[in-house]
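# have a look; sequence and predicted model below, questions after that.
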Protein chains: 2
Amino acid sequence: METATTRAIEELREALGERLATGEAVREHHAGDESWHERQAPAAVVFAESAEDVAAAVAICAKHHVPMIPFGTGTGLEGGTVGRDGAVSIDVSRMDAIVSVNAEDMDCVVQPGVTRGQLNRYLRDTGLFFPVDPGADASLGGMAATRASGTNAVRYGTMRENVLSLKVVTPDGRLVTTGQRARKSAAGYDLTRLFVGSEGTLGIIVELTVRLHGRPEAISAARVCFDNVSGAVDAVILTIQSGIPIARMELIDAEQMRAINAYSKTDYPEQVTLFLEFHGSEASVREQAECVGEICDSLGGSGFQWTAFEEERSRMWEARHHAAYAAMAVRPGARAYATDVCVPISRLAECIRETRADVHAHTQIPTFLLGHVGDGNFHYVFLVDPEDPEELDQVHGLSGRMVERALAMGGTCTGEHGIGLGKQAYLQRELGPDAVDLMRTLKGALDPGNLMNPGKLLPD
Amino acid sequence: METATTRAIEELREALGERLATGEAVREHHAGDESWHERQAPAAVVFAESAEDVAAAVAICAKHHVPMIPFGTGTGLEGGTVGRDGAVSIDVSRMDAIVSVNAEDMDCVVQPGVTRGQLNRYLRDTGLFFPVDPGADASLGGMAATRASGTNAVRYGTMRENVLSLKVVTPDGRLVTTGQRARKSAAGYDLTRLFVGSEGTLGIIVELTVRLHGRPEAISAARVCFDNVSGAVDAVILTIQSGIPIARMELIDAEQMRAINAYSKTDYPEQVTLFLEFHGSEASVREQAECVGEICDSLGGSGFQWTAFEEERSRMWEARHHAAYAAMAVRPGARAYATDVCVPISRLAECIRETRADVHAHTQIPTFLLGHVGDGNFHYVFLVDPEDPEELDQVHGLSGRMVERALAMGGTCTGEHGIGLGKQAYLQRELGPDAVDLMRTLKGALDPGNLMNPGKLLPD
């Protein structure tokens, strides 16, 4: 492998010049993501500036049988960008052009390195926005690759629903277009959805056409506290079942609220809290807030406070988006071990209740519960001392039991973080060996040399 | 092939007894669909009563290398169920059980032979409904296989968005589960979306978990006439761009309105018409209807009439759903040649205008325009004398130019009817040879013997 990589690097340098980097700092930066997974540096990094660069790099790597690892912002949570010996990281962060905005059709075409924040700043004056918002300011290419989601998914869907079409460089170096700009199509296999969520194992996304949404006429946000998680979750379930078109519905436990206050200099009550947001016409927003306020009241919610002021709303959601960083600040030097599951909403209260009991019974380290509970999706973040194998064992056990619990309730082992390195054992538990075999058949057909992000999503 | 089929039929009879039929009438019933495509009877028909029956039939056919053609209600429009020499049709219409309804999670599990009408009658008292409604009372298995859509898709999505999970018998006779009941998942390749729209070429759907939606608190419908198609289409575009969450938005031309009146004994004005429907709270429905009424007024709409009466609404939508049959009644003995395209909404007026001009310039036969225009999707129905090659040539030319026009505008060659036999030539024009090659790779990997609905979607 070593020599193949050396030859590939020579050819890459000839083809790409200074867009090929082998310095230690750069390689180390591309060694992993924000997860607990062990980092490993690639042998070289290609900073692609165009689809042609990506295609050229893929063709050279394929010719020399060198593994490739697509890289965006490196903010993944399941080790999807962890390097490997002799591999080449293909970084698309310089491909950050917004190619076109079709305001009339409410869609836009972007390069894969465009981040969600960048896109929304660009759209500010158009009356449109892009709703998918994982915690990090991730790249859209990476978000599509992991089928990312976030706080707005309950109303606007995930990357699955918001990607209209992709351009992808396949493992043999070809550039494939997966769809057109029409809102719906019955034309052939759904190649778009095949690549959304494929975690860079079937090809490298070099362009996306995504749906945009009209900025609502009115937005209001609300915050409501509960004595315990069960009351909050029951309020979520009842809201969803009532068909209220709520835009955001976030659960945060007392520990996480304390961390947020410390990190974001806020003074929210340090109790179990729901952060809510309503989108619609003035009248509809008021009506929604009233309905949800009544639901919360009836289930023991207190201090339901709503605001239409943009500044206050922004502060609240910024604090929410920084929750993971806030958690990390609680125990300097610790590593954040984040895990996520998603269950049918009818089982959410039970799943959270049992998981909390398990967590409290089995570890003393700082833990944080938060979730996009309107979807039935929640996360636990554990702050682990990376040098302490006992802590890591505790957390592996808790995370594993959390997944088993979700699966037993008809849920999934990951709502939005992806399989990466961390959830491979559970994929088969979730869908059975025949489904995983089928995935392996797809991978084998599209990437017979197993060169495209090998060892991620499916075991080597 | 003949002998292989004979041997397979013997084994099928042993395994399935009277669930295997070879009578001429049954075979003829399974020779095709409701399209203009030439019918061809299969050699035998399996009436599967369980997933096990399907798996057994597939295993026997695979062993003898006999082609299989999945069959639901036979109401497709692109020849997806047309038989072939020596093939076995696998009919799932007897698998019509509603396995479970999870009202709290707003989903349900059904066998593939359940029709949309049957499911909604069953759900009547639950406060829930299933929104996807192609013209025919199709089976849900067939609807998933063709990625079907209908009048509600503008608000509730197509089968792509409304299927949560599938059980599929793959060409090697294995039973694969594609997902769980969670609303979202980032667990592995999106096998669900791989089978949705695969037109029976990758496997046979034997169970579906689909999303249900809450029956809105209030529903009102409206009808508005226009002097010409352009005004109506502009009203649609402005409504969508205003972000009004309209539930249905159907365009019907004067010819089609005339046919509807004759067939459904209604007395609607015989003009270009929009049928509209609004879902929401009482207040929101009123607000939506007012906004759309103003938009229509400003663009030359006349006689905007809205009604909250269920009986009147039902009559209107029943008439709309019977539009294709109404059209056919205009020219007894003729065959309906239906074609559909979908374009970005900003190009919809232009696409319809140019297509109408082309139609009026090149044929004298009865033609009907109707469409789910809120999605940018419209249909032309041509009543062709099947014995007259000149008429058929005219229509092939018109249909082909309609597709080329849609593709040039960033649209798709089919919004909801599928590729089947009729649109294969356009798939490559739409996505390019590399995308079609990729589809062929997928087909080859999952069905190496090319036995599962061969010759559909992709050329043999």
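Good, I have the coordinates. Numbers count the residues shown, from 1 in each chain, chains lettered A, B, ... in the order given.
# what does the strand or helix carrying A:E430 contact?
Per DSSP states H and E, A:E430 falls inside helix A:424-431. Helix A:424-431 is contacted from outside by A:403-404, A:407, A:412-414, A:419, A:435-436, A:439, A:457-459, B:177-180, B:187-188, B:191, using Cβ atoms under 8 Å, 6 or more residues apart in numbering or on different chains. C-beta coordinates here come from the backbone N, C-alpha and C atoms, glycine included.
# domain map for chain A?
Here the domain parsing of chain A from automatic domain parsing is A:2-93, A:98-214, A:218-320, A:331-416.
# pLDDT wise, what is A:M1 at?
The model reports A:M1 with a pLDDT of 47.
# what does the one 3 residues further on give?
Per-residue confidence for A:A4 comes out at a pLDDT of 94.
# for A:L175, same thing?
Confidence for A:L175, expressed as pLDDT, is 97.
# ok, A:E294 next?
95.
# got phi/psi on A:A338?
phi -110, psi 140 (degrees, to the nearest 10).
# now do the contacts for it.
So A:A338 contacts A:S35, A:L77, A:A324, A:H379, A:Y380, A:V381, A:F382, A:H417 (Cβ under 8 Å, 6+ apart).
# related to what we said a few turns ago, mind saving the C-alpha coords of the helix holding A:E430 as CSV?
Only the C-alpha atoms of helix A:424-431 are listed here, as CSV (Å, rounded to 0.1, in the frame of the first residue of the first chain):
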residue,chain,number,x,y,z
GLN,A,424,-21.9,-0.7,12.5
ALA,A,425,-22.7,-3.4,14.9
TYR,A,426,-26.2,-2.1,15.2
LEU,A,427,-27.1,-1.8,11.6
GLN,A,428,-27.5,-5.6,11.3
ARG,A,429,-29.4,-5.7,14.6
GLU,A,430,-31.8,-3.1,13.2
LEU,A,431,-32.5,-4.4,9.7
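# show me what counts as buried in that helix.
Residues A:Q424, A:Y426, A:L427, A:Q428, A:R429, A:E430, A:L431 are the ones in helix A:424-431 that count as buried (16 or more other Cβ atoms under 10 Å in any protein chain shown).
# mind listing which of the contacts of helix A:424-431 are in helices?
A:V403, A:E404, A:L407, A:A435, A:V436, A:M439, B:L191 (DSSP state H).
# measure the residue nearest to the spatial centre of chain A to A:L140 for me?
The structure's chain A has its C-alpha centroid closest to A:A148; by Cα atoms, centre = their mean the separation is 3.7 Å. Here A:A148 is placed at a distance of 9 Å from A:L140 (Cβ to Cβ, to the nearest Å).
# and what of A:Q364?
39 Å.
# cool, A:V206 as well?
Distance from A:V206 to A:L140, by Cβ to Cβ: 11 Å.
# which neighbours do those two share?
Joint contacts of A:V206 and A:L140 (Cβ under 8 Å, 6+ apart) are A:P112.
# ok, the two, which is more surrounded?
A:L140 (30 against 26; other Cβ atoms under 10 Å in any protein chain shown).
# now do the same contact list for the more buried one.
Counting by Cβ under 8 Å, 6+ apart, A:L140 touches A:V110, A:P112, A:V114, A:T115, A:R116, A:L119, A:L208, A:V210.
# mind checking which of the residues you listed land in strands?
Secondary structure from DSSP state E places A:V110, A:L208, A:V210 of these in strands.
# which of those residues sits closest to A:K63?
Nearest to A:K63 out of the ones in strands among the contacts of A:L140 is A:L208 (Cβ to Cβ; 27.3 Å).
# residues contacting that closest one?
A:V109, A:V110, A:Q111, A:P112, A:L140, A:G141, A:A144, A:V163, A:S165, A:L166, A:K167.
# cool, and A:L238?
So A:L238 contacts A:I295, A:L299 (Cβ under 8 Å, 6+ apart).
# how far out from the middle of the chain is whichever strand or helix holds it?
Following DSSP H and E, the helix or strand that holds A:L238 is helix A:229-241. Computed by Cα atoms, centre = their mean, to the nearest Å, the chain-centroid distance of helix A:229-241 equals 24 Å.
# re earlier: restricted to buried residues, select the contacts of helix A:424-431 in PyMOL.
To isolate the buried ones among the contacts of helix A:424-431 in PyMOL, judged by 16+ other Cβ under 10 Å, type:
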select buried, (chain A and resi 403+407+412+413+414+419+435+436+439+457+458) or (chain B and resi 177+178+179+180+187+188+191)
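# so where do the helices sit in the stretch 251-400 of chain A?
Secondary structure of the stretch 251-400 of chain A (DSSP state H, counting those that start in this stretch): helices at A:254-264, A:282-298, A:310-321, A:323-329, A:348-362, A:389-408.
# as CSV, those helices with distance to chain B would be great.
Converted to CSV, these look like this (distance: least, Cβ to the nearest Cβ, whole Å):
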stretch, distance to chain B
helix A:254-264, 21
helix A:282-298, 5
helix A:310-321, 19
helix A:323-329, 17
helix A:348-362, 10
helix A:389-408, 8
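# follow-up on the earlier one: wait, the residue nearest to the centre of chain A sits on A:S139?
No: in this structure, A:A148 is not within contact of A:S139 by Cβ atoms under 8 Å, at 10.0 Å.
# so where's chain A uncertain?
A:1-2 (pLDDT under 70).
# who in the stretch 1-150 of chain A is up against chain B?
Within the stretch 1-150 of chain A, the positions near chain B by Cβ under 8 Å from any Cβ of the partner chain are A:N102, A:E104, A:D105, A:M106, A:D107, A:T146, A:R147, A:A148, A:S149.
# so which of the residues you listed sit within strands?
Reading strands off the residues of the stretch 1-150 of chain A next to chain B with DSSP E, I get A:N102, A:D107.
# let's have the residues of the stretch 1-150 of chain A next to chain B in CSV, adding distance to B:A259.
Shown next, in CSV, are the residues of the stretch 1-150 of chain A next to chain B (distance: Cβ to Cβ, whole Å):
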residue, distance to B:A259
A:N102, 36
A:E104, 33
A:D105, 32
A:M106, 34
A:D107, 35
A:T146, 50
A:R147, 45
A:A148, 48
A:S149, 46
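# just the buried ones from the residues of the stretch 1-150 of chain A next to chain B?
For the residues of the stretch 1-150 of chain A next to chain B, buried by 16+ other Cβ under 10 Å: A:N102, A:D105, A:M106, A:D107, A:T146, A:R147, A:A148, A:S149.
# on that earlier part again, quick one, phi psi at the residue nearest to the centre of chain A?
According to degrees, to the nearest 10, A:A148 has phi -70, psi 170.
# what of the one 5 residues further on?
Listed backbone geometry of A:A153 is phi -60, psi -30, with angles given as degrees, to the nearest 10.
# from the residues of the stretch 1-150 of chain A next to chain B, pick the one nearest A:F275.
Out of the residues of the stretch 1-150 of chain A next to chain B, the member with the shortest distance to A:F275 (by Cβ to Cβ) is A:S149, at 16.1 Å.
# A:D172 is in contact with A:A55, correct?
No: A:A55 is not in contact with A:D172 according to Cβ under 8 Å; the separation is 9.9 Å.
# in stretch A:297-304, what's buried?
Buried residues in stretch A:297-304 (16+ other Cβ under 10 Å): A:L299, A:G301, A:F304.
# over to stretch A:388-400?
For stretch A:388-400, by 16+ other Cβ under 10 Å, it's A:E391, A:L392, A:Q394, A:V395, A:H396, A:L398, A:S399.
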